[in-house]
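# Got a predicted model here, sequence first, then my questions.
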Amino acid sequence: MSKLKKLEALDLSTNRLTCLIPGWLGTLPNLFFISLNNNSLSGELPKELFRLQALVSEKHATPTDHGDVELPIYAQRANHSITALQYNYLSNLPRAIYIRNNSLSGNIPVEISQLQHLHELDLSVNNLFGSIPYQISNLTNLERLDLSRNHLSGAIPSSLSNLHFLASFSVAYNNLHGQVPSGCTQLQGFNATAFEGGNPGLCGAPLLNECQQMNKNNNKTTNVEEVHDNANGIPWLHISVALGFIIGFWGVCGPLALSRSWRYAYFEFLSNVKDRFLG
């Protein structure tokens, strides 16, 4: 299949395919639609997959219209329910990569940023872990992004606000935490179900649980200093207490230990004080 240089669409979904996704898929110059949903593929996402020329280069972004297939083409899309979409021409298929419901593991490669002409990406229901790479924000033509039901952690990158055409989005059922980026009106326009489930650490609109205020106004300076000290890893409070004790102790006891006349004067002073109280 690696010799099919004119191949534009590949749908092998709902089979019993196993093992790794072959890297040679990324060498097919005209391939712009891949569907590998509902198989048993394992291993990591091959970096070669994110070098598809039809999704990287503007020169190859538009599929060839010569010899376009005119029969109805059906492609499955998994939202809350499986939907079969009909396309009348091959060129009407979205520029998409669907690898839903497999056993993929590892991180989402940062090389994904090269697919600037990708319209739909579905990596849901896998075993992907690590953080969501902020480089996804380079996919400015992305209309649909589904990363739900994985083991992704960390925060949702605020850079996703660059995805102005995003019409469908889900990161539900992961291990994400932090605030849903407040400046991303694109993200906050989605329903809470796009974030809920398995993400107890997420907060902020459109979720109902509000993010707790970190500092009160009257303690703002102290808390900021403590955070700054902790960030630098230097325990200034402990150092100042230790220095104060050392200076105070040796400032009083040092002269008594080193000078006999001081000791005599000190004990004579204590004796006079005692006589005054007892007399």
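Okay, I see it.
# For the rest of this, base every contact and every neighbour count on C-alpha atoms.
OK.
# Please name the residues that touch Leu20.
Neighbouring residues of Leu20 by C-alpha atoms under 8 Å, 6 or more residues apart in numbering: Leu41, Ser42, Gly43, Glu44.
# Kindly confirm my reading that the first one forms part of a strand.
Yes. Membership of Leu41 in a strand is supported by DSSP: H, G, I helix; E, B strand; the rest coil.
# What about it, how many residues nearby?
Using other C-alpha atoms under 10 Å, Leu41 is surrounded by 21 other residues.
# Skipping its backbone neighbours, what lies nearest it in space?
In space, and not counting its chain neighbours, Leu41 is closest to Thr18: 4.5 Å by C-alpha to C-alpha, 6 or more residues apart in numbering.
# Tell me the confidence at that neighbour?
Looking at Thr18, its pLDDT stands at 96.
# ok, it - contacts?
By C-alpha under 8 Å, 6+ apart, the contact set of Thr18 is Asn39, Ser40, Leu41, Ser42.
# what residues are up against the second one?
It refers to Ser40. By C-alpha under 8 Å, 6+ apart, the neighbours of Ser40 are Arg16, Leu17, Thr18, Cys19, Asn101, Asn102, Ser103.
# which among these gets closest to Phe269?
Nearest to Phe269 out of those is Ser103 (C-alpha to C-alpha; 84.0 Å).
# So in terms of bridging, what pairs with the closest one?
Counting by DSSP bridges, Ser103 is bridged to Ser42.
# looking at the chain, which helix or strand is least sure?
Within the chain, no helix or strand scores below helix 220-232, which has a mean of 43 by mean pLDDT, DSSP states H and E.
# So for Pro181, what's the nearest residue that isn't a sequence neighbour?
Ser158 is the one closest to Pro181 (C-alpha to C-alpha, 6+ apart), at 5.2 Å.
# what's the spacing between the one you found and Gln186?
11 Å (C-alpha to C-alpha, to the nearest Å).
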